[in-house]
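K.L.:
need a structure here:
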Amino acid sequence: MGKGKVRIELNWGGVRSLLKSGEMQAICEEHARAATSRLGPGYEVTSRTGKNRCNSEVAAVTREAKKENLENNSILKALG
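P.N.:
Numbering: from 1, shown residues only. So this is what the prediction gives:
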């Protein structure tokens, strides 16, 4: 390796553990709940831990919220 270069080797097991951790799940849920607070009624947050990482989802659950999201792309705007 040349002068001034650094080689970084990731511990993939550790990265996977971090991405599936309770702390990371809390961060994901925090972002999703912040988005729902900007959206108003009719939206909900669901969370799960998958094979590689945790996930949180914001979904329109009422007819009105689904219509609003379809017309205005509300969920994407609230997350942005």
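
K.L.:
From now on I want contacts and neighbour counts done on CA atoms only, so please keep to that.
P.N.:
Will do.

K.L.:
ok, and what's touching the lengthiest helix in the chain?
P.N.:
The helix that spans the most residues within the chain, counting by DSSP state H, is helix 22-39. The contact list for helix 22-39, computed with CA atoms under 8 Å, 6 or more residues apart in numbering, reads 18, 43-45, 47, 49, 54-58, 74-75, 78-79.

K.L.:
Narrow those to just the buried residues.
P.N.:
Buried by 16 or more other CA atoms under 10 Å: Leu18, Tyr43, Glu44, Val45, Cys54, Asn55, Ser56, Val58, Ser74, Ile75, Ala78, out of the contacts of helix 22-39.

K.L.:
Cross the residues you listed against helices and list the overlap.
P.N.:
Leu18, Ser74, Ile75, Ala78.

K.L.:
secondary structure element for Gly14?
P.N.:
Counting by DSSP states H and E, the element that carries Gly14 is helix 12-19.

K.L.:
Kindly calculate the angle that that helix makes with helix 22-39.
P.N.:
Per axes from the mean of the first three to the mean of the last three CA atoms, to 10 degrees, the angle that helix 12-19 makes with helix 22-39 is 40 degrees.

K.L.:
Figure out how far helix 12-19 is from the centre of its chain.
P.N.:
17 Å (CA atoms, centre = their mean, to the nearest Å).
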